[in-house]
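Participant: Mind folding the following:
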Amino acid sequence: MVSKLRNVGTANSQNEISEEGDFVVIGTYKSVRLAHEAGLAILAAGHHYWVYPVEDLYALAVLPKHAETLRREVDIAQLKNRFWPPVSIDLPNQSTRKTPTVIFAMSLLGMFTAQNAIPGLKDLGMNSSEGVFQNGEWWRIVTAITLHANLAHLAGNLLGVALFTYLCCRYMGNGLAWLLIVLVASFANLTNAYIRLGEPFFSLGASTAVFAALGLLAGFPVGTFLKTRDPIQNRDWLIPFFGGCILFAWMGGGEFPTDVMGHVLSFVFGTVVAIGIAGTGLHSKLNALHQKALLLISWGLIAVSWWLALR
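Facilitator: Reported below is the predicted structural model:
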């Protein structure tokens, strides 16, 4: 019999213990905590138990006359609680560098200054259904992201850029996040121009990039949930997803000239893309060099689009 035992059950005296004789081990566990958690089922059944170390494990012991009954109680409790506590999503923390976000914000300020100083610059770069589909000026779907109608328009988008795009980088890394934001926003502009084909349509502003980033943030935890296939806490994916939807409903609407369709398309496309990225785990397969290359591609896409617009 083991010399050192710890009685953590109901307060029975040592006389009762000695009368019962040796103890029976009904389970071994990797930690004291796990052993005591199993012991809760024994306490619930109105009996007491003892926990003591055995090599690298911890044994759960009971009195012989109750051993079989209590072993079944422990097994039933563990079967019922096999998914408790729910597993939390292990969301990545790819990058915390703010530099790319700051550079993009500064470029928006510089472009706003330039469009006010250079007549016709805004007309060259804004999204246009006629320009894109009839004149083949596809660069407009990218250059439009960098233009703004007025200072209030710019200020609102700078706030969204500072928050949502930075958080996207925390999930996916600077390179992948910014490339997806630019591509999703551009594709939303392209789709929006196609929907308005046959009517005079113009749009501009980084709001498509802002809502693309918001969609990526809302969809990423959902994709992670679908990938794990494990029971996880609903708050880990439902709250981010519906939180993104609420933010979109609050910030994405408005009256003319607000381009609500562009906002909707950016948010929806961003959500779908993020689910795919998280589901495939692409973000986790990229190293630092890959991230830098993707970041350069995203900036290069904007630069080449403006070069084509100005040539």
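Participant: how about the CA coordinates for the helix or strand hosting residue 176, as PDB?
Facilitator: Element membership for residue 176 (DSSP states H and E) is helix 174-195. Provided in PDB are the C-alpha atoms of helix 174-195 (Å, rounded to 0.1, in the frame of the first residue of the first chain):
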ATOM      1  CA  ASN A 174       1.900  41.900 -44.400                       C
ATOM      2  CA  GLY A 175       2.600  40.600 -47.900                       C
ATOM      3  CA  LEU A 176      -0.400  38.200 -48.200                       C
ATOM      4  CA  ALA A 177      -2.800  40.600 -46.500                       C
ATOM      5  CA  TRP A 178      -2.000  43.600 -48.700                       C
ATOM      6  CA  LEU A 179      -2.000  41.600 -51.900                       C
ATOM      7  CA  LEU A 180      -5.400  40.200 -51.100                       C
ATOM      8  CA  ILE A 181      -6.700  43.600 -50.100                       C
ATOM      9  CA  VAL A 182      -5.600  45.200 -53.400                       C
ATOM     10  CA  LEU A 183      -6.900  42.200 -55.500                       C
ATOM     11  CA  VAL A 184     -10.200  42.000 -53.700                       C
ATOM     12  CA  ALA A 185     -10.800  45.700 -53.900                       C
ATOM     13  CA  SER A 186      -9.900  45.800 -57.600                       C
ATOM     14  CA  PHE A 187     -12.100  42.800 -58.400                       C
ATOM     15  CA  ALA A 188     -15.000  44.500 -56.500                       C
ATOM     16  CA  ASN A 189     -14.400  47.600 -58.600                       C
ATOM     17  CA  LEU A 190     -14.300  45.500 -61.800                       C
ATOM     18  CA  THR A 191     -17.600  43.700 -60.900                       C
ATOM     19  CA  ASN A 192     -19.200  47.000 -59.900                       C
ATOM     20  CA  ALA A 193     -18.300  48.600 -63.200                       C
ATOM     21  CA  TYR A 194     -19.600  45.500 -65.100                       C
ATOM     22  CA  ILE A 195     -22.900  45.600 -63.200                       C
END
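Participant: List the buried residues of that helix.
Facilitator: Within helix 174-195, the residues that count as buried by 16 or more other C-beta atoms under 10 Å are 174-193. C-betas here are computed from N, CA, C, even on glycine.
Participant: and that helix, average pLDDT?
Facilitator: Taken as a whole, helix 174-195 has a mean pLDDT of 93.
Participant: That one: what's the following helix or strand?
Facilitator: strand 202-203.
Participant: Could you please name the strands that following strand pairs with and the direction of each pair?
Facilitator: Counting by DSSP bridges, the strands paired with strand 202-203 are strand 127-128 (antiparallel).
Participant: gap between stretch 211-229 and the chain center?
Facilitator: 5 Å (C-alpha atoms, centre = their mean, to the nearest Å).
Participant: hang on, I meant stretch 110-121
Facilitator: The answer for stretch 110-121 is 36 Å, by C-alpha atoms, centre = their mean.
Participant: what does stretch 147-161 give?
Facilitator: 25 Å.
Participant: Same question for stretch 34-45.
Facilitator: 36 Å.
Participant: what's near enough to touch residue 142?
Facilitator: By C-beta atoms under 8 Å, 6 or more residues apart in numbering, the residues touching residue 142 are 182, 186, 189, 301, 302, 305.
Participant: ok, the closest residue to the second one other than its chain neighbours - how many residues close by?
Facilitator: Computed as C-beta to C-beta, 6 or more residues apart in numbering, the closest residue to residue 186 that is not its neighbour in sequence is residue 141, at 4.6 Å. The local packing count at residue 141 equals 24, with neighbours defined by other C-beta atoms under 10 Å.
Participant: Let me know the secondary structure of residue 141.
Facilitator: Under DSSP: H, G, I helix; E, B strand; the rest coil, residue 141 falls in the helix class.
Participant: I figured it hits residue 194, correct?
Facilitator: No. Using C-beta atoms under 8 Å, residue 141 makes no contact with residue 194, being 10.2 Å away.
Participant: Which parts of this structure are strands?
Facilitator: 24-29, 50-54, 57-62, 127-128, 202-203 (DSSP state E).
Participant: Between those strands, which one is closest to residue 261.
Facilitator: Within the strands of the chain, the stretch nearest residue 261 is strand 202-203; the backing value is 8.8 Å (C-beta to C-beta).
Participant: now what about the closest one, what contacts it?
Facilitator: 126, 127, 128, 144, 189, 192, 193, 259, 262.
Participant: Adding distance to residue 216 as columns, could you present the residues you listed in a markdown table?
Facilitator: Putting the contacts of strand 202-203 into a markdown table (distance: C-beta to C-beta, whole Å) gives the following:
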| residue | distance to residue 216 |
| --- | --- |
| 126 | 24 |
| 127 | 21 |
| 128 | 26 |
| 144 | 19 |
| 189 | 16 |
| 192 | 18 |
| 193 | 22 |
| 259 | 19 |
| 262 | 16 |
